[in-house]
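Visitor: sequence unknown, structure follows:
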Ligand SMILES: Cc1cc2nc3c(=O)[nH]c(=O)nc-3n(C[C@H](O)[C@H](O)[C@H](O)COP(=O)(O)O)c2cc1C
């Protein structure tokens with residue numbers, strides 16, 4: 001098996017204490033930023049060559065006008081000594097053994113610049129920053145210059161969101177420019193504006209960098225995304241380098257295709273140093289160079305000079321089109337100037353789950369929670385529509401009224417509220433008048449409306465069970481609604497946990513408005529809340545004076561007896577019930593509903609129901625749910641005898657069967673001995689679409705990439721569902737849309753992958 005940089009990451013992690021690893025990663029901000037950097041690279045598709053590529057492409061290129069072995073340099077992480085005592089010396093020696101490429105030495109290096117220069121066969125650049133002690137800094141720069149350092153790298157804005165004054169940084173750059181003959185690169189540029197300032201202040205080059213910990217205003221921005229706008233401003237007048245998330249040979253190609261002269265590598269070098277001192281650094285750079293050559297060969301490139309924007313696939317949707325370098329004068333918006341939610345990794349989760357499956361058609365995917373489509377039949381749509389139109393006629397509507405119902409704008413609260421009210425009464429024993437219902441565009445809109453109405457400002461907070469369904473967290477991000485996590489136990493949410501979280505939020509001066517919960521076969525954990533807890537939770541909601549947002553999309557497609565919904569047990573109108581027909585009828589209709597029978601006293605003294613207020617909001621969001629979709633769902637309900645239970649007997653049996661089959665398969669692949677040896681365990685949901693497996697390694701994106709590429713099996717890291725951290729050694733497996741043959745094949749691949757990861761995470765086992 002070929003080595004990749006992620007292998008070094010894994011090995012380094014295994015050898016490092018949690019506290020030091022957190023420093024290496026840059027904490028939570030570092031993890032978020034890295035995800036944005038990696039995501040930007042993942043979003044780029046490179047053209048491959050039709051013919052056979054050159055055998056050994058030539059990676060030599062000029063960096064700052066001097067010929068080097070590759071368009072790669074080593075970024076300046078401070079704290080190298082925490083990885084290995086050889087620190088900068090180890091990095092310099094390892095780099096020199098791999099290639100003639102520059103190494104940036106941190107201003108806080110552990111050894112004098114003279115000693116480093118004397119030991120170095122590679123060009124050294126000195127990272128510096130706006131100094132507290134100017135004479136000392138000026139002296140250090142003079143010494144570095146005298147020792148043969150080739151360039152200065154001035155850190156703009158400080159690493160991470162530390163307080164900073166950009167104007168002072170530009171003044172510092174101008175001052176330095178007038179004092180030294182060395183070329184000066186401005187590092188930390190993340191926008192066209194900053195690039196202009198750097199050029200105006202006399203920079204000789206720019207390093208697009210977020211320091212691995214985010215922009216200095218705390219925003220998370222993937223460096224590759226801002227590269228084109230910086231390149232456009234530079235217009236070829238000065239070289240642009242980039243760092244952040246470069247982990248594969250193809251990433252180097254992508255950055256160069258978008259206009260970078262070279263890339264810098266940060267954490268992977270630190271990981272190599274941690275794993276094997278200078279030799280580890282040499283291996284990391286060697287692996288990357290090998291990958292770069294392989295990527296060039298598969299793109300049919302013989303030289304670095306041949307790399308250009310044409311290498312980027314632009315026929316693959318907006319993302320890659322947007323990444324092509326812009327013509328001067330054409331618009332280039334910055335995600336940092338758009339609402340913060342668009343840059344929040346939470347928002348990419350759902351797309352990622354769908355895309356990773358589509359991008360890897362040969363893999364077995366346990367990722368998306370899609371309904372099984374073996375039960376869908378195109379004719380059903382017409383049958384359902386006709387059924388509903390006949391129903392309207394049977395109710396005495398004239399042909400003109402029937403036409404109006406389906407052709408015209410409709411009431412925001414919905415066309416089919418009476419039928420939905422009948423269905424929830426019949427299926428769930430929820431007895432509410434149609435006026436308390438709003439028919440929504442999927443359950444997602446129901447969540448959005450409820451959050452919008454309930455959360456009035458930064459002091460209001462919604463408690464969300466954790467692991468959390470991404471839809472609610474994402475909606476909260478869009479609405480800037482504060483969310484606090486309440487950890488689920490083996491039986492789902494506990495009342496003690498909810499009460500403690502409510503009290504903690506109140507102690508912080510915040511007002512908990514509601515608790516979001518999926519009581520049945522929760523997504524993603526698969527757990528079901530026992531009846532007793534449901535009753536206690538309702539009592540608690542009264543006692544604490546909060547609402548419960550109940551979301552329960554899997555109940556009616558799960559086999560066997562089920563405890564009653566919170567809403568059907570609700571005697572105090574504490575529950576806002578969020579409903580969905582996606583799993584019970586079909587998701588393409590995008591029809592959901594919210595039951596909001598809470599009385600609302602208006603400012604003018606009149607009273608109404610919360611549903612009325614939600615309908616007002618909806619009228620400004622989607623106006624009304626598509627009448628055609630509502631008609632199709634209504635027709636389905638009528639076909640099912642007024643509810644969905646009549647429609648879902650077969651599907652519930654199917655989902656139950658495939659879940660049982662999956663659990664049997666897990667037991668077969670992981671018999672007791674193997675389970676214990678590997679430290680693998682799983683929960684056993686009786687229904688729903690998901691189960692979770694504890695695994696003996698960190699199940700992050702890098703592990704997922706290995707799983708897809710090397711074993712052809714896709715799963716979901718549970719850490720995605722823990723926006724506040726956690727779930728790192730757990731994966732979610734979705735069963736819903738797979739056949740038995742898929743399950744067999746997928747589990748065999750998964751077992752092989754878990755074995756390989758477990759072996760690889762032993763720090764003593766080194767591959768050559
Ligand atoms: C532990 C650590 C310390 C760092 N310290 C500095 C520093 O002192 N000055 C600086 O300019 N960048 C610093 N960086 C940022 C790196 O130079 C570089 O920009 C970043 O690590 C590149 O991203 P990558 O690690 O994804 O390759 C540090 C990074 C890490 C991980």
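Guide: Great, that's in hand. Everything numeric in this text was worked out from a predicted model, so none of it was measured. Residues are numbered from 1 along each chain as shown.
Visitor: So in the protein, where's the weakest helix or strand by average pLDDT?
Guide: helix 318-323 (a mean of 47; mean pLDDT, DSSP states H and E).
Visitor: Run through the stretch 351-500 of the chain and note the low-pLDDT ranges.
Guide: Where the stretch 351-500 of the chain drops to pLDDT under 70, the residues are 351, 354-355, 359.
Visitor: Looking at it, what residue ends up closest to the ligand?
Guide: Closest residue of the stretch 351-500 of the chain to the ligand, CB to the nearest ligand atom: residue 352 (19.2 Å). For the C-beta atoms, the positions are set from N, CA and C on the backbone; glycine is no exception.
Visitor: quick one: contacts for that residue?
Guide: Contact partners of residue 352, counting by CB atoms under 8 Å, 6 or more residues apart in numbering, are absent.
Visitor: That one: which element?
Guide: Assigned by DSSP states H and E, residue 352 falls within helix 345-359.
Visitor: mind listing what's buried in that helix?
Guide: 345-350, 352-353, 355-357 (16 or more other CB atoms under 10 Å).
Visitor: From the chain's centroid, how far away is it?
Guide: 8 Å (CA atoms, centre = their mean, to the nearest Å).
Visitor: Next SSE downstream of it?
Guide: strand 364-365.
Visitor: Would you mind listing the buried residues in stretch 427-445?
Guide: For stretch 427-445, by 16+ other CB under 10 Å, it's 427-428, 430, 432, 434-445.
Visitor: That should have said stretch 403-416, apologies.
Guide: 405-406, 410, 412-416.
Visitor: Okay, now the unreliable bits of this structure?
Guide: Judged by pLDDT under 70, the stretches of the chain that qualify are 1, 51-52, 158-162, 164, 214-219, 314-332, 351, 354-355, 359, 761-768.
Visitor: Swap in 50 and give it another go.
Guide: Within the chain, the ranges that satisfy pLDDT under 50 run 159-162, 315-322, 762-768.
Visitor: Residue of it nearest the ligand, please.
Guide: Counting by CB to the nearest ligand atom, the chain gets nearest the ligand through residue 266, at 2.3 Å.
Visitor: That residue: how many residues sit nearby?
Guide: 22 (other CB atoms under 10 Å).
Visitor: same thing with residue 589?
Guide: 22.
Visitor: now residue 752
Guide: When neighbours are counted by other CB under 10 Å, residue 752 comes out with 16.
Visitor: Also residue 396?
Guide: 7.
Visitor: likewise the one 4 residues further on?
Guide: Taking other CB under 10 Å as the neighbour definition, residue 400 ends up with a count of 8.
Visitor: so which helix or strand takes in it?
Guide: Going by DSSP H and E, residue 400 is in helix 399-407.
Visitor: for residue 229, same thing?
Guide: Going by DSSP H and E, residue 229 is in helix 223-234.
Visitor: Pull the residues that contact that helix.
Guide: 36-37, 40-41, 44, 189-192, 194-196, 199, 206, 208-210, 240, 242-245, 254-255, 258-260, 323-326, 328, 332, 334-335.
Visitor: how far does it sit from the chain's center?
Guide: 23 Å.
Visitor: do the same with stretch 49-62
Guide: So, by CA atoms, centre = their mean, the centroid of stretch 49-62 is 34 Å from its chain's centroid.
Visitor: Endpoint to endpoint, it covers what distance?
Guide: 25 Å (CA to CA, to the nearest Å).
Visitor: ditto for stretch 247-266
Guide: 10 Å.
Visitor: And it, how far out from the chain middle?
Guide: Worked out by CA atoms, centre = their mean, stretch 247-266 lies 22 Å from the chain centre.
Visitor: do stretch 512-521 as well
Guide: Distance, centroid of stretch 512-521 to centroid of chain: 22 Å (CA atoms, centre = their mean).
Visitor: how long is that stretch from one end to the other?
Guide: Terminal-residue distance, stretch 512-521 (CA to CA): 25 Å.
Visitor: ditto for stretch 521-533
Guide: 15 Å.
Visitor: can I assume residue 579 is in contact with residue 593?
Guide: Yes - Residue 579 is within contact range of residue 593, at 4.5 Å (criterion: CB atoms under 8 Å).
Visitor: Report the set of residues contacting both of the two.
Guide: 420, 446.
Visitor: picking that back up, please identify which pair of the buried residues of stretch 427-445 lies farthest apart.
Guide: Pairwise distances across those peak at 22.9 Å for 435 and 444 (criterion: CB to CB).
Visitor: from the middle of its chain, how far away would stretch 259-273 be?
Guide: Distance, centroid of stretch 259-273 to centroid of chain: 23 Å (CA atoms, centre = their mean).
Visitor: To clarify, my last question referred to stretch 135-142.
Guide: Counting by CA atoms, centre = their mean, stretch 135-142 comes out at 43 Å from the chain centroid.
Visitor: Can you mark which positions in whichever strand or helix holds residue 616 are buried?
Guide: In the assignment (DSSP H and E), residue 616 maps to helix 610-619. Buried residues in helix 610-619, counted by 16+ other CB under 10 Å: 610-615, 617-618.
Visitor: With distance to the ligand as extra columns, can I get those in a markdown table?
Guide: What follows is those, written out as a markdown table (distance: CB to the nearest ligand atom, whole Å):
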| residue | distance to the ligand |
| --- | --- |
| 610 | 47 |
| 611 | 49 |
| 612 | 51 |
| 613 | 47 |
| 614 | 44 |
| 615 | 48 |
| 617 | 41 |
| 618 | 43 |
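Visitor: Closest one to residue 393 out of the residues you listed, please.
Guide: Closest to residue 393, out of all of those and judged by CB to CB, is residue 615, at 26.7 Å.
Visitor: ok, that closest one - contacts?
Guide: Going by CB under 8 Å, 6+ apart, the list of residues near residue 615 reads 411-413, 438.
Visitor: which ones among these are found in strands?
Guide: Secondary structure from DSSP state E places residue 438 of the contacts of residue 615 in strands.
Visitor: just to revisit the earlier point, so which of the buried residues of stretch 427-445 also contact the ligand?
Guide: Taking CB under 6 Å from any ligand atom as the test, the ligand is in contact with none of these.
Visitor: For the chain, which residues are neighbours of the ligand?
Guide: Checking the chain against the ligand by CB under 6 Å from any ligand atom, the hits are 23-24, 26, 34, 37, 75-79, 106, 127, 155, 159, 187, 209, 211-212, 243-246, 265-267.
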